[in-house]
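1. Below is the sequence, then the predicted model.
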Amino acid sequence: MINTLKIKSVEIGVNPPKIIVPIVGKTFEEVTAKAKELQTVRIDMVEWRADHFQEIFDKDRTLSLLGELRSILERYPLLFTFRTKKEGGEKDIAMDAYVEMNAAAAKSGQVDLIDVEMFSEAGAVQKSVSAIHDAGAYVIGSYHDFKATPPKEELVGMLRKMQEMGVDIPKIAVKPNSVGDVLTLLAATNDMYEKYADRPIFTMSMTEKGVVSRLAGGIFGSAMTFGAVGQVSAPGQIPASQLAQVLDILYQTRQQ
């Protein structure tokens with residue numbers, strides 16, 4: 001049985017999947033301008049991709065921007081993500097600095113969730129998860145493969161491992177090199193959801209081949225999906241407005 005997660009007015013773990021839109025601006029002004037634009041769009045959650053921010057290693061400046069984002073996006077759950085270069089992000093970072101940055105974001109009280117890349121240095125990962133929870137924020141535990149799609153058993157194993165490590169939402173994003181790879185990701189999601197998950201899970205198959213996973217992933221058990229408003233943060237993201245329309249069609253039909 002899935003224990004849903006309610007953040008502000010958003011309940012994660014019930015259909016339709018919740019729409020997340022990323023902010024990927026490089027400057028303070030670009031980030032806040034995009035946040036204001038998102039107030040007019042139908043979405044459920046906002047992700048700040050902090051690795052795109054030019055001043056991210058200036059702690060005071062970063063926390064100041066987080067405060068601005070919280071003020072502008074008050075009604076939305078806010079996800080803080082520093083995606084490391086090895087998992088498709090913009091910047092390299094030492095593991096101790098990564099742990100410290102995530103902890104500082106959590107302790108600021110300005111964010112609701114923080115993304116933690118789970119298959120890095122094990123001790124540091126567990127330290128990061130604990131520090132975020134101690135500060136009162138939730139953890140999306142993530143894994144990204146921009147080259148391939150692992151076998152179904154491996155994908156399920158990674159999702160189960162993240163759950164065992166105490167993250168609130170396990171997440172996997174992989175690249176499909178064939179249509180069969182998309183089916184592998186969806187089958188793994190369904191297996192995890194039906195047999196092992198006790199909390200929301202979040203999966204996607206990237207690039208154009210994997211768009212169906214962003215649209216219909218909820219049917220297989222994925223609790224969230226990314227849409228774009230302008231610039232994308234990963235291959236295959238589609239406009240949030242179109243995504244909302246498709247979700248309406250899928251889930252109104254299923255409720256009839």
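-> Alright, I've got the coordinates. Just so you know, these numbers come straight off a predicted model, no measurement behind them. Numbering: from 1, shown residues only.
2. Which neighbouring elements make contact with whichever helix or strand residue 31 is part of?
-> Per DSSP states H and E, residue 31 falls inside helix 28-38. The contact analysis (3 or more CB pairs under 8 Å, 6 or more residues apart in numbering; DSSP states H and E) places helix 28-38 against strand 18-23, strand 45-49, helix 59-72. Every residue, glycine included, has its C-beta placed from N, CA and C.
3. so which of those gets nearest residue 98?
-> Closest approach to residue 98 among the helices and strands packed on helix 28-38 (CB to CB): helix 59-72, 13.3 Å.
4. after that closest one, next one along is what?
-> According to DSSP H and E, the helix or strand after helix 59-72 is strand 78-81.
5. Strand partners (parallel or antiparallel) of that following strand?
-> According to DSSP bridges, strand 78-81 forms sheet pairs with strand 45-49 (parallel), strand 113-117 (parallel).
6. which residues touch it?
-> Outside strand 78-81, the residues that touch it by CB atoms under 8 Å, 6 or more residues apart in numbering are 20, 22, 45-51, 66, 69-70, 102, 105-106, 110-115, 140.
7. so how far is it from its chain's centroid?
-> Centroid separation for strand 78-81 versus its chain: 8 Å, with CA atoms, centre = their mean, to the nearest Å.
8. List the buried residues of that strand.
-> Judged by neighbour count (16 or more other CB atoms under 10 Å), strand 78-81 contains these buried residues: 78, 79, 80, 81.
9. from those, which single one is nearest residue 2?
-> Nearest to residue 2 among the buried residues of strand 78-81, with distances taken as CB to CB, is residue 79, at 19.6 Å.
10. could you dump the strands paired with strand 78-81 to CSV with mean neighbour count?
-> Formatted as CSV, these follow (neighbours: other CB atoms under 10 Å):
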stretch, mean neighbour count
strand 45-49, 23
strand 113-117, 25
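11. End to end on stretch 46-54, go ahead and measure it.
-> 19 Å (CA to CA, to the nearest Å).
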